[in-house]
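> I'll drop the sequence and a predicted model, then ask my questions.
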Amino acid sequence: MMSRGRADGSKKTRLITAICLVAIFIGFVYVYYGSSVGSQVHRGTSTLRRLGSSYLGGDEETEVGGGQDEFSSKFGQDDGDNGIVPRSFPVCDDLHSELIPCLDRHLIYQMRLKLDLSLMEHYERHCPLPERRYNCLIPPPSGYKIPIKWPKSRDEVWKANIPHTHLAHEKSDQNWMVVKGEKIVFPGGGTHFHYGADKYIASLANMLNFPKNILNNEGRVRTVLDVGCGVASFGAYLLSSDIIAMSLAPNDVHQNQIQFALERGIPAYLGVLGTKRLPYPSRSFELAHCSRCRIDWLQRDGILLLELDRVLRPGGYFAYSSPEAYAQDEEDLRIWREMSALVERMCWKIASKQNQTVIWVKPLTNDCYMEREPGTQPPLCKSDDDPDAVWNVPMEACITPYSDQNNRAKGNGLVPWPARLTAPPPRLADFGYSSDYYEKDIGVWRQRVDTYWNLLSPKIKPNTLRNLMDMKANLGSFSAALKDKDAWVMNVVPEDGPNTLKIIYDRGLIGTIHNWCEAFSTYPRTYDLLHAWTVFSDIEKKGCSKVDLLLEMDRILRPSGFIIVRDKRPIVEFIKKYLTALHWDTVANADSDSGSEQDGDEVVFVIRKKMWLTSGGLRDSE
């Protein structure tokens, strides 16, 4: 008995020891892999969030510290459909008040991407993986104010909203911008137009012998691409001539140029001529412009100049103001000779050359291309190349010839602005759409926009809405219906749907291609209104996170800005669950009343983003 008792005691001791070892091992595995999973969820965002603290008031323990971990572990996986909906999102660190997720150089550095800096790859889009996405609200900078309203905003903005005065000092001799007390003032100057963009624009029209020195040439010049636009004063002063410019610049060492442009209420987009095509279809612009944009147009067999050629319409112009056009030193003369030879082989002709500027014009037909000597560089693009494919498509060092139809038409076939806004565009036939379908679409969206304005009117003052975005623009009829409003629309077309963006540009409007499973290429707080027609339903079909999209919309929407969601009722009910966490208010609910068969079971939901500051909690909109 004694012997057996000692043996049983030994077995018990071994059993207890084994259980302890197993418990320790399980604990180690839990701690190790639990922290690993947590780090995967929060990696890349831990520096962005102040966990355990809420700037927006309330009980920190329950609002952020308590419920946040449970939510974060499932963030982006179930979208809250299982009832896990946060009472509030954490607020990103103040250092990230200007975060652009897909153009974040800190992320590029952390990911150790092997990019060719000489090709500007580091200024192109590089989006974080889902596990590295932020799940916090981007805070406005300290002292942020409701932006100054258009048209006054063209000439001045609140310094607190974009607290960067570097450009004002660096470009002080060029009249770009001047700091005056609490405001930053824009006199309308530029590197090559010290005396004002308005006089410079008139000089371009004079060089081309356009009537009354007005650059729109009686409505024939409507869409313009301004490359390396600075703070977009060129585009700002074109607006009075009924010309709309896509002002383009990278998020480079001259930081915040595009942020200033959008704060001023000027159409603008963050982008770069690097290795990928610009997000615009072929034949989108009547004029491209570069004023001392510091681009090496001769690199890689002229590939960047050929990209401009792709997006220019038949007979389109390239206005180039740069030392190479007029300076007499040896290096500038060499560049001028080589550039002149390149554009001649591209069949461009000099339309005018005067003072500091040269204007080239693109041919109307393929005749010149066909007459070149065999083997002439650059070659014509291959016949199977789609010149309108632009989402993540590499540039090609080749000339995009015109289609047989364009070649026969000897031009773009567009009527002058503003008639082209509603006239059936020639490329409508590319999609098999009839003129009747097009006209019906115009009528449907006119009625819808009237409904939207009736819902918004009690909440807005004149000129409240300036920068608008149509997140799924289709044919651009939402934008067209707003023609008489003092606003502009960034028309966004999905990257995986019909590329109707070329119809939008043919109507004299502007826009870009985008995938809403990713962040948009713009600064935070740059749009007054977002229109989301079935956008949530679309990304749900792709398996992307609807919560990520909500956070992205909050990022790019200005405080006190509006969102109009037109989607299925379950989508609207889903969004309603997140209003408190996002600090959004319901403005209106409405059933679709346009009488269109396209509406189906769509409903309209109007939301307003509250004005809040990290130091002062929520406060009413000004």
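Received the coordinates, thanks. Computed from a predicted model, the values in this text were never measured in an experiment.
> over to residue 603. Which of the three states is it?
strand (DSSP: H, G, I helix; E, B strand; the rest coil).
> i'd like the first residue to be 40 from this point on
Renumbered: residue one is now 40, and that last one reads residue 642.
> excluding chain neighbours, what is closest to it?
Distance criterion Cβ to Cβ, 6 or more residues apart in numbering; nearest residue to residue 642, sequence neighbours excluded, is residue 608 at 5.2 Å. Where C-beta positions appear, they are placed from N, C-alpha and C, glycine not excepted.
> go ahead and confirm the one you found touches residue 640.
Yes - the pair residue 608 / residue 640 is scored as a contact, 6.4 Å apart, by Cβ atoms under 8 Å.
> between the two, point out the one with more neighbours.
Between residue 608 and residue 640, counting by other Cβ atoms under 10 Å, residue 608 is the more crowded of the two (13 against 10).
> what about residue 201, distance to residue 564?
Look at residue 201 and residue 564: by Cβ to Cβ, to the nearest Å, they are 10 Å apart.
> more neighbours: which of those two?
residue 564 (26 against 23).
> quick one, phi psi at that one?
phi 60, psi 50 (degrees, to the nearest 10).
> is it correct that it is in contact with residue 595?
Yes - Residue 564 is within contact range of residue 595, at 7.4 Å (criterion: Cβ under 8 Å).
> contacting residues around the residue nearest the centre of the chain?
In the chain, the C-alpha nearest the mean C-alpha coordinate belongs to residue 560, at 3.8 Å (Cα atoms, centre = their mean). Applying Cβ atoms under 8 Å, 6 or more residues apart in numbering to residue 560 gives the contacts 139, 141-142, 164, 308-310, 551.
> run the last query once more with 10 Å
Neighbouring residues of residue 560 by Cβ atoms under 10 Å, 6 or more residues apart in numbering: 139-142, 163-164, 289-290, 297, 308-311, 318, 551, 553, 595.
> repeat that for residue 539.
320, 466-467, 469-470, 472, 512-515, 530, 532-533, 545, 550.
> quick one: pLDDT of it?
Note for residue 539: predicted pLDDT of 98.
> with residue 486 instead?
So residue 486 comes in at 97 (pLDDT).
> I'd guessed residue 235 sits against residue 276; true?
Yes - taking Cβ atoms under 10 Å as the definition, residue 235 is a contact partner of residue 276 at 7.8 Å.
> and residue 302, how close does it get to residue 296?
11 Å.
> which residues do the two both contact?
residue 270.
> tally of neighbours for the nearest residue in space to residue 124 that is not next to it in sequence?
The shortest distance from residue 124 to any non-neighbouring residue, by Cβ to Cβ, 6+ apart, is to residue 616 (4.8 Å). By other Cβ under 10 Å, the residues close to residue 616 number 14.
> and residue 616, how far from residue 608?
For residue 616 relative to residue 608 (Cβ to Cβ), the value is 13 Å.
> follow-up on the earlier one: any of the contacts of residue 560 buried? List them.
139-140, 142, 163-164, 289-290, 297, 308-311, 318, 551, 553, 595 (16 or more other Cβ atoms under 10 Å).
> closest to residue 405 out of the residues you listed?
residue 318 (25.7 Å; Cβ to Cβ).
> now the residue nearest to residue 642: phi and psi?
Dihedral pair for residue 608: phi -60, psi -40, per degrees, to the nearest 10.
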